[in-house]
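quick check, what structure comes out for this input:
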Amino acid sequence: MIRRLINKVFGKKPASGPRILPQEAHGIRREQVQSCALKTTRALREAGYAAFIVGGAVRDLLLGREPKDFDVATDATPEEVRRVFRRARIIGRRFQIVHVYCGADLIEVTTFRAATPQAEDDEDESRVTAEDGMLLRDNVFGNQEEDAARRDFTINALYYDPEKQEVWDWHGGFEDARKKVLRMIGDPAQRFREDPVRMLRAARFAAKLEFHIDPATRAPIAELAPMLERIPASRLFDEMMKLLLSGHAERGVRQLRAEGLHHGVLPMLDAILDDPDRQKFIHAALHDTDERIRQGHSASPAFMLACLLWFDMQAEWRRNKDTGQSAQPALYDAMDAVLDRQRDALAFPRRFDGTIKEIWALQSRFEQRSGARPYRLLDHPRFRAGYDFLLIRARGGDATEELADWWTRFQEVDADEQARMLLPAQTGDAKRKRRRRRSGPKPAEAIEVRLD
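Reported below is the predicted structural model:
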């Protein structure tokens, strides 16, 4: 009797299959799921397919967090999914998924994937593994059990059935979530070899969720960390931006250092974290970004890149000026050189270049606090980003607190007080104004006109 009661409340795992937890055990309510995700699962079920809310959304709901996205997993193939929905589009080459649209909302629908490695005599080339165990291609459909086995961590292998309000737990993720444990599914060394980016994901999830990494999961990381060098730069950049813009970047960077993963991941991050003079600046940048995200504000990858590359750009600027270049051309040459050099290592999009350059170029203009210049700077479209960058520089010791405080106050006071705050024009400014007056246009009668 007692055992039956426990199984009813906490779910029962059959001899083979998932542990199925009822609503009273896991606490997730159907109303917490985005309406577009509910419509998607309902339509797939009505068409005769299995459909579950899966992965991070289930994990976050269990932890009392608001999911960022709601993904759906199904046994329908991408073509079958597309036929169910009027507004759906198949994307992806490495593994096809379907984007289903409900108005402005988008749900990502994936077909259950297989986890069994390809046999040596298998002519199907959809799954290819390198000699060191790294997956080079992985494009095999499977069933739900296989789909759960191929997911990385137990807390990400949870499936929620909105119709019955049940959580299907194949690998103990429910208990791990309660204990705040991050545990790899299967043999950690093999899984990290299949995809070394999982080591970065382990650090990111541990920081974001405030979990501790299971000792068996952590054990192979130090030895396998060099495998990250084989990951395409674009994929590393995407993963690092997820960490740095997660709202838990400070903790994430500390986690990277604790796991020995910071070396070689982002070259400039190595230099910053290993230089005491730069550490204060980058931690101020990470703290500021975390606070913005937690308060519901946006955070820009371009702004974070401007922070990460700031010291490299300054060093390049000084070198250019030492060769005899004047300040302004030296600055723009330095910006171009640093961005082009780092793009090879980071593969970040060129569309970020304009914002990064404007943030950097504005920093010297904050020094100019006389005449009409402060007013013109206030009207600059990138003023806010440049000002936020100045505040970080001040907290990091790269600019004076007095300068940052002046600009903070200048924005807050009325026009009369702003006029009183302006500094006297510098001697050089006055001389330049006199030169411009003296070198103005000649009187009309003094201009020689040549008609030949």
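
all helices of the stretch 51-200 of the chain, in order?
With DSSP state H, counting those that start in this stretch as the criterion, the stretch 51-200 of the chain has helices at 56-62, 78-84, 144-150, 173-179, 188-194, 197-209.

so what's the closest residue to Ala47 other than its chain neighbours up against?
Spatial nearest neighbour of Ala47, excluding adjacent residues (Cβ to Cβ, 6 or more residues apart in numbering): Val84 at 4.9 Å. Every C-beta, even on glycine, is put in place using the N, C-alpha and C of the backbone. Counting by Cβ atoms under 8 Å, 6 or more residues apart in numbering, Val84 touches Ala43, Leu44, Ala47, Tyr49, Ala76.

could you report the neighbour count for the third one?
Which is Ala47. Residue crowding around Ala47 was assessed by other Cβ atoms under 10 Å; the count is 15.

surely Met240 is within a helix?
Yes. Assessed by DSSP: H, G, I helix; E, B strand; the rest coil, Met240 belongs to a helix.

what residues does stretch 242-253 touch?
200, 203-204, 207-208, 210, 256, 262, 269, 273, 282-283, 286-287, 289-290, 293-294, 299, 301, 304.

what residues does the lengthiest helix in the chain touch?
Longest helix in the chain by number of residues (criterion: DSSP state H): helix 301-322. If you take Cβ under 8 Å, 6+ apart as the criterion, helix 301-322 is touched by 241, 244-245, 266, 268-269, 271-272, 278, 281-282, 285, 289, 327, 329-331, 333-335, 337-339, 342, 346, 348, 352, 355-356, 359-360, 385, 388-389, 392-393, 398.

what does stretch 21-38 give?
Taking Cβ under 8 Å, 6+ apart as the rule, stretch 21-38 contacts 8-11, 53, 57-58, 61-62, 67, 70, 72, 100, 102-103, 105-107, 160, 162, 165-169, 174.

output the below-cut-off pLDDT ranges for the stretch 51-200 of the chain.
The model of the stretch 51-200 of the chain has pLDDT under 70 over residues 115-139.

let's go with 50 and repeat that
For the stretch 51-200 of the chain, the stretches with pLDDT under 50 are 116-127, 129, 135-137.

which residues in it form strands?
51-54, 71-74, 88-91, 97-102, 105-111, 127-129, 135-138, 158-161, 166-169, 181-182 (DSSP state E, counting those that start in this stretch).

tell me the buried residues in stretch 176-192?
Asp176, Ala177, Val181, Leu182, Arg183, Met184, Ile185, Pro188, Ala189, Arg191, Phe192 (16 or more other Cβ atoms under 10 Å).

tell me the bridge partners for the fourth one.
With DSSP bridges as the criterion, Leu182 is bridged to Ile213.

what ranges do the strands span in the stretch 301-450 of the chain?
Counting by DSSP E, counting those that start in this stretch, the stretch 301-450 of the chain contains no strands.

low-scoring stretches of it, by residue?
In the stretch 301-450 of the chain (pLDDT under 50), the answer is 439-450.

doesn't Glu402 make contact with Leu390?
No. Applying Cβ atoms under 8 Å, one finds Leu390 not in contact with Glu402, separated by 11.7 Å.

these two: which is more packed in?
The neighbour count for Leu390 versus Glu402, taken as other Cβ under 10 Å, is higher for Leu390 (20 against 8).

residue contacts, that one?
With Cβ under 8 Å, 6+ apart, Leu390 has these contacts: Gln363, Phe366, Ala399, Leu403, Ala404, Trp407.

which of those residues are buried?
Buried among those by 16+ other Cβ under 10 Å: Gln363, Phe366, Ala399, Ala404, Trp407.

and the last one, how far from Ile53?
It stands for Trp407. Distance, Trp407 to Ile53, by Cβ to Cβ, to the nearest Å: 47 Å.

ok, and the closest non-adjacent residue to Ile90?
Pro78 (4.9 Å).

ok, Leu286 to Ala394 distance?
16 Å.

among the contacts of stretch 21-38, the buried ones, what's the PyMOL command?
The PyMOL selection below is limited to those of the contacts of stretch 21-38 classed as buried (16+ other Cβ under 10 Å):
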select buried, resi 11+53+57+58+61+62+67+70+72+100+102+107+160+162+165+166+167+168+169+174
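
how far away from the center of its chain is stretch 74-89?
29 Å (Cα atoms, centre = their mean, to the nearest Å).

restricting the selection to alpha carbons, write it to CSV.
Extracted C-alpha coordinates of stretch 74-89, given in CSV (Å, rounded to 0.1, in the frame of the first residue of the first chain):
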residue,chain,number,x,y,z
THR,A,74,8.4,14.6,-31.9
ASP,A,75,8.6,11.3,-33.8
ALA,A,76,7.4,13.1,-36.9
THR,A,77,10.0,13.7,-39.6
PRO,A,78,10.7,17.3,-40.6
GLU,A,79,8.6,16.9,-43.8
GLU,A,80,5.7,15.4,-41.8
VAL,A,81,5.9,18.3,-39.3
ARG,A,82,5.8,20.8,-42.2
ARG,A,83,2.7,19.2,-43.6
VAL,A,84,0.9,19.6,-40.3
PHE,A,85,1.3,23.4,-40.0
ARG,A,86,0.3,26.1,-42.5
ARG,A,87,3.2,28.3,-41.3
ALA,A,88,6.3,26.2,-41.0
ARG,A,89,9.8,26.2,-42.5
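
contacting residues around Val100?
Counted by Cβ under 8 Å, 6+ apart, Val100 has contacts Cys36, Thr40, Val72, Val81, Phe85, Arg87, Ala88, Leu106, Ile107, Glu108, Val109.

the same query, at a cut-off of 10 Å, please.
Listed by Cβ atoms under 10 Å, 6 or more residues apart in numbering, the contact set of Val100 reads 36-37, 39-40, 43-44, 72, 81-82, 84-89, 106-109.

bridging residues for it?
Ala88, Ile107.

how far away is it from Thr154?
Counting by Cβ to Cβ, the gap from Val100 to Thr154 is 27 Å.

likewise for Leu61?
Taken as Cβ to Cβ, the span from Leu61 to Thr154 is 16 Å.

please apply the same query to Ile231.
For Ile231, the distance to Thr154 equals 24 Å [Cβ to Cβ].

who's more crowded, those two?
More neighbours surround Thr154 than the other of Ile231 and Thr154, with 25 against 17 (other Cβ under 10 Å).

centroid residue for the chain?
Nearest residue to the geometric centre of the chain (Cα atoms, centre = their mean): Lys242, 2.1 Å.

now do that residue, the pLDDT please.
Note for Lys242: predicted pLDDT of 91.
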